[in-house]
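Asker: the sequence isn't on hand, but the structure is:
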């Protein structure tokens, strides 16, 4: 009977990190769902802008 394979610890890839950041943006959208358009804009500028800036400065290939 063969010995069970040892699983390698998962190392976060760039794709994992990017998906995590996108998930944060969706979380912000869920939180602000009930707000007025003006309040949504304000919250997006406050919360989502930081996340988008991190995505922009990251080394992700979009081509």
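Answerer: Arrived safely. The shown structure was predicted, so the numbers you read here are calculated from the model rather than taken from an experiment.
Asker: list the contacts of the spatially most central residue of the chain.
Answerer: For the chain, the residue sitting closest to the mean C-alpha position, by Cα atoms, centre = their mean, is residue 21 at 1.4 Å. For residue 21, the contacting residues are 51, 54, 55, 58, taking Cβ atoms under 8 Å, 6 or more residues apart in numbering as the criterion. Heads up, the C-betas are built off the backbone N, CA and C, glycines and all.
Asker: sec struct for the residue lying closest to the last one once chain neighbours are set aside, please.
Answerer: The shortest distance from residue 58 to any residue other than its chain neighbours is 6.9 Å, reached at residue 18 (Cβ to Cβ, 6 or more residues apart in numbering). Under the three-state scheme (DSSP: H, G, I helix; E, B strand; the rest coil), the conformation of residue 18 reads as helix.
Asker: you'd agree residue 18 is up against residue 55?
Answerer: Yes - applying Cβ atoms under 8 Å, one finds residue 18 in contact with residue 55, separated by 6.8 Å.
Asker: model confidence over the one helix or strand the residue nearest to the centre of the chain maps to, on average?
Answerer: Element membership of residue 21 [criterion: DSSP states H and E] is helix 14-31. Looking at helix 14-31 alone, the average pLDDT works out to 94.
Asker: buried stuff in that helix?
Answerer: Applying a neighbour-count criterion of 16 or more other Cβ atoms under 10 Å, the buried positions in helix 14-31 are 21, 24, 28.
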